[in-house]
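Q: No letters, just coordinates:
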């Protein structure tokens with residue numbers, strides 16, 4: 001099993017990679033992955049059928065498009081997409097975010113298209 005630190009500087013961890021839409025696990029919390037990601041552009045529409053989806057904006061801004069509304073998030077904002085709600089994250093400029101998801105949850109909603117779990 002991979003050893004994951006109990007403490008982490010999120011900005012330092014974000015400096016370790018450049019890829020977009022590829023969350024990196026920085027810690028574990030009660031069966032959940034605490035992850036950071038760099039995002040830019042549009043992600044595809046997707047849904048998580050058995051878990052909520054937690055987004056926290058560390059820097060920059062993003063929006064979460066839902067079928068019936070758009071949620072604007074700026075630095076310091078968070079939003080939890082309820083279980084079963086189709087959504088599409090979008091960042092016009094690069095944004096840095098923290099995600100918390102149950103360990104093993106595919107970020108795309110589909111295990112076949114999900115980013116591979118990577119610890120940093």
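A: Noted; the coordinates are in hand. A quick note: this is a predicted structure, and the numbers were derived from the prediction, not measured.
Q: what residue is smack in the middle of this structure?
A: Nearest to the mean C-alpha position of the chain, by Cα atoms, centre = their mean, lies residue 99 at 3.8 Å.
Q: Now do the contacts for that one.
A: 23, 33, 34, 35, 36, 37, 53, 54, 55, 56, 107 (Cβ atoms under 8 Å, 6 or more residues apart in numbering). Every residue, glycine included, has its C-beta placed from N, CA and C.
Q: and the fifth one, what is it in contact with?
A: Listed by Cβ under 8 Å, 6+ apart, the contact set of residue 36 reads 10, 13, 14, 23, 24, 26, 58, 96, 97, 98, 99.
Q: same thing with the second one?
A: Residues in contact with residue 33, defined by Cβ under 8 Å, 6+ apart, are 23, 25, 27, 99, 100, 101, 102, 103, 105, 117.
Q: What's the PyMOL syntax to select whichever of the residues you listed are buried?
A: Burial among the contacts of residue 33 is assessed by 16 or more other Cβ atoms under 10 Å; the matching PyMOL selection reads:
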select buried, resi 23+25+27+99+100+101+105+117
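Q: ok, back up a step: quick check, nearest of the contacts of residue 36 to residue 42?
A: Closest approach to residue 42 among those (Cβ to Cβ): residue 97, at 14.5 Å.
Q: what's around the closest one, how many residues?
A: A count of nearby residues for residue 97, using other Cβ atoms under 10 Å, gives 24.
Q: Pretty sure it sits against residue 55.
A: Yes - checked against Cβ atoms under 8 Å, the pair residue 97 and residue 55 is within contact range at 5.8 Å.
Q: coming back round to it: report the beta-bridge partner residues of the residue nearest to the centre of the chain.
A: With DSSP bridges applied, residue 99 shows beta-bridge pairing to residue 35, residue 55.
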